[in-house]
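[1] coordinates only, sequence not included:
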């Protein structure tokens, strides 16, 4: 753990997420930050777990529709089942590339890279803010065939990209690399379901590291001519494929996280810029 980026005195989203999931790969700064948020939003653990279960259902959904390649950006510290375990449970030949910029995730990369012998997995030490570097990485190119459908997973990562960092440009680059028949799956923290008191209290803490967006703002990020929404578009992660989740389902008000699933209906040239 000699990586200079591993500053255990400052909270990191991946380690805070690990703490809420009941993991052990976190430090006191992460736990204290998590407790501050939890004081203001008591149901944050439920939100985190529902977000994770959404990922499981989404990967299974795509796998049953023939997707055999996945690019999971912002994968976080490994928790089982991982994306490759779910995808390879449907088809052992599935291929998965994970990407994350937390050095502690890199320490656990071997756990991520253990998959079915018929398939392939790879891990990139990479940042979503540099999508071209991700797409051009030799490990990605050696694992995924970008002429065949890919499931792009952006789970609980986009709220760490502020508007000033031009998230639409990042998404345009990634979407421009996906062939027809690919899918994009994203989840995003929202404060729109909170009471005014919760909103005021949580915003001061949460937005020091992130930017919450409403469902409409999340949909706007994916206003792209190559994409068509699956299902109803944006809705609470707890409401996606509810028939495949244990009941009773929590309400949207209890889960401050939205999800969106989109299909790539046509190939567009990289570099397309959304208006606005």
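    Received it, and whenever you're ready, just let me know what you need. Keep in mind that what you see is a predicted model, and the values were worked out from it rather than measured.

[2] need the next SSE after the helix or strand bottoming out on mean pLDDT in the chain, C-terminal direction.
    One helix or strand of the chain scores below all others by mean pLDDT, DSSP states H and E: helix 196-206, with a mean of 68. Next along the chain after helix 196-206, taking DSSP states H and E as the criterion, comes helix 215-221.

[3] chain center to that next one: distance?
    15 Å (CA atoms, centre = their mean, to the nearest Å).

[4] same deal with stretch 24-37?
    Using CA atoms, centre = their mean, the offset of stretch 24-37 from its chain centre is 20 Å.

[5] what do you get for stretch 96-109?
    On CA atoms, centre = their mean, the centre of stretch 96-109 falls 13 Å from that of its chain.

[6] could you list the low-pLDDT ranges of the chain?
    1-6, 111, 201-209, 268-276 (pLDDT under 70).

[7] how about the strands in it?
    With DSSP state E as the criterion, the chain has strands at 69-73, 95-100, 120-125, 151-154, 183-189, 227-229, 235-236, 257-264.

[8] hmm, residue 19 is touching residue 29, no?
    No. In this structure residue 19 lies outside contact range of residue 29 using CB atoms under 8 Å: 10.6 Å. C-beta here means a position set from N, CA and C on the backbone, and glycine is covered the same way.

[9] and these two? Which one has more around it.
    Using other CB atoms under 10 Å, the more surrounded residue of residue 19 and residue 29 is residue 19, with 23 against 16.

[10] now do residue 117 against residue 88, distance only.
    10 Å (CB to CB, to the nearest Å).

[11] comparing these two, which residue is more hemmed in?
    Taking neighbours as other CB under 10 Å, residue 117 and residue 88 compare with residue 88 leading, 24 against 8.

[12] so what's the more buried one closest to, chain neighbours aside?
    residue 116 (4.2 Å; CB to CB, 6 or more residues apart in numbering).

[13] quick one: contacts for that neighbour?
    Contact partners of residue 116, counting by CB atoms under 8 Å, 6 or more residues apart in numbering, are 84, 88, 92, 93, 94.

[14] pull out the buried members of the residues you listed.
    84, 88, 94 (16 or more other CB atoms under 10 Å).

[15] just the ones of these in helices?
    84, 88 (DSSP state H).

[16] and of the buried ones among the contacts of residue 116, the nearest to residue 212?
    Proximity of the buried ones among the contacts of residue 116 to residue 212 (CB to CB) peaks at residue 84, which lies at 29.7 Å.

[17] so that closest one touches residue 94, yeah?
    Yes. Counting by CB under 8 Å, residue 84 touches residue 94, with 6.9 Å between them.

[18] quick check: neighbours shared by those two?
    70, 116, 119.

[19] which residue of the protein sits farthest from its center?
    In the chain, counting by CA atoms, centre = their mean, residue 197 sits farthest out from the average C-alpha position, at 27.8 Å.

[20] start to end distance for stretch 94-103?
    Distance between the boundary residues of stretch 94-103 (CA to CA, to the nearest Å) amounts to 26 Å.

[21] cool, stretch 141-153 as well?
    For stretch 141-153, the first and last residues are 17 Å from each other (CA to CA).

[22] going forward can the numbers begin at 183, since that is how I track them
    Okay, using 183 as the starting number, the last item reads as stretch 323-335.

[23] in it, which residues are buried?
    Under 16+ other CB under 10 Å, the buried positions of stretch 323-335 are 325, 326, 331, 332, 333, 334, 335.

[24] for stretch 340-352, same thing?
    So stretch 340-352, judged by 16+ other CB under 10 Å, has buried residues 340, 341, 342, 343, 349, 350, 352.

[25] could you dump these to TSV with distance to residue 217?
    Output for the buried residues of stretch 340-352, formatted as TSV (distance: CB to CB, whole Å):
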residue	distance to residue 217
340	25
341	20
342	20
343	25
349	29
350	34
352	31
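
[26] so which of those are in helices?
    349, 350, 352.

[27] which of those lies closest to residue 409?
    residue 350 (12.4 Å).

[28] that closest one against residue 400, yeah?
    No. Using CB under 8 Å, residue 350 is not in contact with residue 400; the gap is 11.8 Å.
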